[in-house]
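1. Quick one, what's the 3D model for this:
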Amino acid sequence: MPKNYNLYLKGYVGDWNFSADMVNAVLDRHKDKEVCVLIDSTGGRVDTALSISSLFKLHGNVHCHYVGMNASAATIASMGAKHVSIDANALFLVHKCMSVVFEWDYMNADELAAHIADLEKLRKDNDTIDGCIAGMYASRCKKPKDELLALMKEGAWLTARQALEWGFVDEITDDPEDAAPEITDVVADALAKEGIPMPPVGVRKGSFLERLAQLFTSQHSKPAAEAPIPPAAQTDHQMSKPLTAIAALLGATVTVADGKLTITEEQAVSIENALSGHAAAVNGLNAKITEKDSTINQLNAKIADLVKEPASATTGVTDTSKDTNPLNGLDIDKICDALCDGLV
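-> The predicted structure is shown next:
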């Protein structure tokens with residue numbers, strides 16, 4: 001196992017420290033030499049991972065070594081490498097690709113049909129991408145493509161031994177400098193954003209995650225079939241949807257360890273205040289809706305009055321031919337002279 005690496009690919013696939021441009025630059029400087037690459041990432045952009053895999057394949061002499069927790073796009077990046085190894089304590093996860101889907105709007109039937117058509121196109125695109133990735137996995141693993149698609153659909157964490165048995169890696173190493181993976185707030189946040197289940201590893205002591213260990217329980221992620229996992233590794237809980245919502249309220253990452261979570265008093269107050277604020281906002285919106293509904297009903301009533309049939313014509317006729325002015329017949333000039341004489 002190489003002790004010195006030419007490339008360290010860590011963090012989000014697609015960021016500056018895990019980019020195709022950086023990989024291309026390093027490979028270009030070592031055209032006729034073996035390039036050793038350390039990978040430690042929970043994933044990111046599929047397009048970047050596919051580009052990096054192609055660059056590794058074109059170079060022809062790349063050795064990738066996995067440490068820590070590696071998932072999603074990070075597992076795709078090594079598919080073009082000549083040799084792939086993994087630390088004995090590292091973890092490996094493949095899953096079907098995901099796209100952001102969010103819509104909050106009022107739609108009529110035509111708009112709904114158009115939105116459904118867009119979602120159907122997105123589903124077909126994801127199926128195509130999944131098929132491409134499964135083909136890459138199958139080619140390296142020397143297994144049927146359908147088996148890899150099934151594993152991707154399951155989306156479970158693999159131990160180093162399972163990754164070797166599947167054929168994703170060629171070798172397991174046990175070097176002291178390769179630290180065992182652990183869940184930090186940053187790592188858990190990255191996993192949650194990608195919809196990746198929490199791996200069966202411990203939580204860093206003193207972290208925010210550990211302090212939340214007594215409050216919520218979450219859904220278990222299913223490990224792939226193999227020999228029993230050691231008790232120390234049996235903490236395969238993943239973040240539940242309610243827990244994700246709480247994390248959003250706190251503005252921090254929340255996860256589960258050993259089936260329990262704890263929070264501080266300050267965090268509990270923060271949750272309560274956030275919930276109260278949301279409740280007040282909802283009540284305010286409901287009041288506005290009620291007020292607008294009332295206004296609309298009043299306007300509808302006025303409109304109904306305006307569109308009623310006109311009243312039947314009046315049969316009585318007033319004779320205006322006669323002059324009813326009480327001053328008729330009087331000499332106005334004489335009256336004015338008399339009034340002026342009285343004022344002088």
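2. Secondary structure element holding Thr42?
-> Thr42 belongs to strand 35-44 when assigned by DSSP states H and E.
3. mind listing what's buried in that strand?
-> For strand 35-44, burial by neighbour count (16 or more other Cβ atoms under 10 Å) applies to Val35, Cys36, Val37, Leu38, Ile39, Asp40, Ser41, Thr42, Gly43, Gly44. (Glycine included, C-beta is placed from N, CA and C.)
4. now do stretch 138-154
-> The neighbour-count check on stretch 138-154 (16+ other Cβ under 10 Å) flags Ala138, Arg140, Cys141, Leu148, Leu149, Leu151, Met152 as buried.
5. Pull the most distant pair out of these.
-> Largest separation among the buried residues of stretch 138-154 by Cβ to Cβ: Arg140 and Leu149, giving 14.7 Å.
6. that older thread, just give me the closest of the buried residues of strand 35-44 to His65.
-> Leu38 (5.5 Å).
7. Quickly list what the closest one is bridged to.
-> Note on Leu38: beta-bridge partners by DSSP bridges are Tyr8, His65.
8. Now do the contacts for it.
-> If you count contacts by Cβ atoms under 8 Å, 6 or more residues apart in numbering, Leu38 has them with Tyr5, Leu7, Tyr8, Leu9, Lys10, His65, Val67.
9. neighbours of the first one, just the number please.
-> The number of residues packed near Tyr5 is 15, by other Cβ atoms under 10 Å.
10. Could I get the contacting residues of it?
-> Under the criterion of Cβ under 8 Å, 6+ apart, the contact list for Tyr5 reads Cys36, Val37, Leu38, His65.
11. just to revisit the earlier point, would you reformat the buried residues of strand 35-44 as CSV and include pLDDT and distance to Gly14?
-> Output for the buried residues of strand 35-44, formatted as CSV (pLDDT from 0 to 100; distance: Cβ to Cβ, whole Å):
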residue, pLDDT, distance to Gly14
Val35, 96, 20
Cys36, 96, 22
Val37, 96, 16
Leu38, 96, 18
Ile39, 96, 14
Asp40, 95, 15
Ser41, 94, 10
Thr42, 91, 12
Gly43, 92, 10
Gly44, 92, 5
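12. Among the residues you listed, which pair sits farthest apart?
-> Taking Cβ to Cβ, the two most distant members of these are Val35 and Thr42; they sit 22.9 Å apart.
13. Which ones among the buried residues of stretch 138-154 lie within helices?
-> Members of the buried residues of stretch 138-154 lying in helices (criterion: DSSP state H): Ala138, Arg140, Cys141, Leu148, Leu149, Leu151, Met152.
14. so who does the fourth one touch?
-> Leu148 makes contact with Val94, Ala134, Tyr137, Ala138, Cys141 under the criterion Cβ under 8 Å, 6+ apart.
15. Contacts only, for the third one.
-> I take that to be Tyr137. Contacts for Tyr137 (Cβ under 8 Å, 6+ apart) come out as Met79, Val94, Leu148, Leu151, Met152, Phe168.
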